[in-house]
Structure formats: structure tokens, C-alpha cells
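*Asks:* got a predicted structure plus its sequence, pasted below:
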Amino acid sequence: MALIQQVKDGKFIDETTGTGSTSTKSSEKDKKTNELGYDQFLQILCAEMQYQDPLEPTSNTEYIAQLATFSQLESQLSVQSTIEASSANDLVGKYVIMKVTSSTTGETSYIAGTCDYVLHKNGETFLSVNDGLYNLKDLDTVADATYMEAVTLAETIKSAISLLPSKNSISLANKDDIESIRKMYDGLNDYQKKFVSKDSWKKFEELEARLKELIKANESCRWI
């Protein structure tokens, strides 16, 4: 379809020159709507029919095809919007990670938490996470709550193990920390244990074995 421009007295009107009032108002209006609706399309189609070249008129078949194409596109967009809204509603109660880029600094940060509710406003969809509203377009990851719980517990155990001294530096003073980590690990179910780093747990078992040796040696000294 050709570009449509306002015509007056058989001449094209350049709306970008002169006072610019008409152009500015149209631009502001376009920014507000930012959508081509069915009525607007019909207006454009009528304008195209009115200002077509009389020596090479467009056939009715082509106009009908254009109308049918637009109707199909509009229908597809409507279905897509409905699916998007439905999918967003399904995120309520799910653990989500939002990838947010600051409009001032340009830096990217990640917001993780449970989606409390979904807000549809001005044609856009927002997710409520940690008392903040984030555009659905910023959604990075959706995770099952059971999965995230397992990952969080595994990371907690890994961090606790990393704070322990090396095998050669372990002492009886670390007894409470090691017993606490063991109790935490034993409280996990089989699914959650799969997320614990094998390397970290191997280090822990070596430290735990070394602690038992120190305890045994300390008890032996008491009998001497």
C-alpha cells in the first residue's frame, strides 16, 4: 500500500514545514494511540481510493485483499494479546526472575521473587514482585517453587561449607559449625540433595572425618 499524505487542491501538503502545529498535534496523538485500528485503516483505504491515479486505478479485488489481510492481522494480534494476558495470569504464585534495565544508568539488574498479582494497564501487562511492578517484557526466568527451594537450600549449605577452614586447619572449635551443616543436609529430601555441589560436599566430608579424628584423639588424651 502506498504512503498516504494529505492532499489539498490536487497538491501534497508537507506537514513537517510551516508552523508545524498540525504535525505536532498529529505526532502527539500518534504517540498516545500508537496503534492502527480498524477505523483508521478504513480511512486510509478510502483516501487511497480517492487519490489513486485515474489512469491506473487499483482494482476492487486488490482493495478487498488489503481489507482481508488487515482483518486477519487484527484478529491474530487480538488472539496473541489474549494468550499473553492468559499466560501472565498463570504466573501468579510462581517464582520469577525479572531482568530490569535502568532507564537512567543503563545498568541491568535481576529481581527475584514470587509473582503476587498481574496488572493489565494501558495495553501493557505488569507483574507484582517484591512490592514492585515490572513489565512482562522484562521477564527472564520462571521457576517452580519446589525447584527454587532446593536451589536455595543447596546454596546455603555450599556457602556454609566455604566458610570452614582447610583440612589441616580444622579444630575442635569448628565442631558446632560442622554438626550444624550435617543436620541441615540430613534434613533435605532426596530431590533437594541433588542440588548440593558434589565438590563442596566432598570437602565437607573430609573436614567431618578430620574432626572425628580430633575428637577421638582428644578423648584418648583424657584417659592418659
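*Replies:* Done, it's in. Numbering: from 1, shown residues only.
*Asks:* alpha carbons only for contacts and neighbour counts from here, please
*Replies:* Fine.
*Asks:* give the buried residues for the longest strand seen in the chain.
*Replies:* If you go by DSSP state E, the chain has its longest strand at strand 108-121. Buried positions in strand 108-121, judged by neighbour count with 16 or more other C-alpha atoms under 10 Å: I111, A112, G113, T114, C115, D116, Y117, V118, L119.
*Asks:* neighbouring strands for that strand, and are they parallel or not?
*Replies:* strand 95-101 (antiparallel), strand 124-129 (antiparallel) (DSSP bridges).
*Asks:* outline the domain layout of the protein.
*Replies:* For the chain, the TED database gives the domain ranges 86-143, 147-216.
*Asks:* let me have those in a markdown table, extended by mean pLDDT.
*Replies:* Converted to a markdown table, those look like this (pLDDT from 0 to 100):
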| stretch | mean pLDDT |
| --- | --- |
| domain 86-143 | 86 |
| domain 147-216 | 94 |
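*Asks:* can you map out the helices along this structure?
*Replies:* In the chain, the segments counted as helices under DSSP state H are 21-33, 38-50, 60-89, 145-162, 175-186, 190-193, 198-222.
*Asks:* list of residues touching the longest strand of the chain?
*Replies:* Strand 108-121 is contacted by residues 85, 88-89, 91-102, 125-130 when judged by C-alpha atoms under 8 Å, 6 or more residues apart in numbering.
*Asks:* pull out the buried members of these.
*Replies:* 85, 88-89, 91-92, 95-100, 125-129.
*Asks:* picking that back up, so for D199, which of the strands paired with strand 108-121 sits nearest?
*Replies:* Relative to D199, the nearest member of the strands paired with strand 108-121 by C-alpha to C-alpha is strand 95-101, separated by 27.2 Å.
*Asks:* which of the buried residues of strand 108-121 sits closest to P165?
*Replies:* A112 (31.5 Å).
*Asks:* who does the closest one bridge with?
*Replies:* Under the criterion used (DSSP bridges), A112 bridges to I97.
*Asks:* so how far is M148 from it?
*Replies:* Noted for A112: a distance of 10 Å to M148, by C-alpha to C-alpha, to the nearest Å.
*Asks:* quickly list what's touching both of these two.
*Replies:* With C-alpha under 8 Å, 6+ apart, A112 and M148 have common neighbours Y95.
*Asks:* to S159, which of the strands paired with strand 108-121 lies closest?
*Replies:* For those, proximity to S159 was assessed by C-alpha to C-alpha; strand 95-101 is nearest, at 21.6 Å.
*Asks:* tally up the residues packed near T146, please.
*Replies:* 12 (other C-alpha atoms under 10 Å).
*Asks:* if anything else comes up later, I'll come back, but that's it for now.
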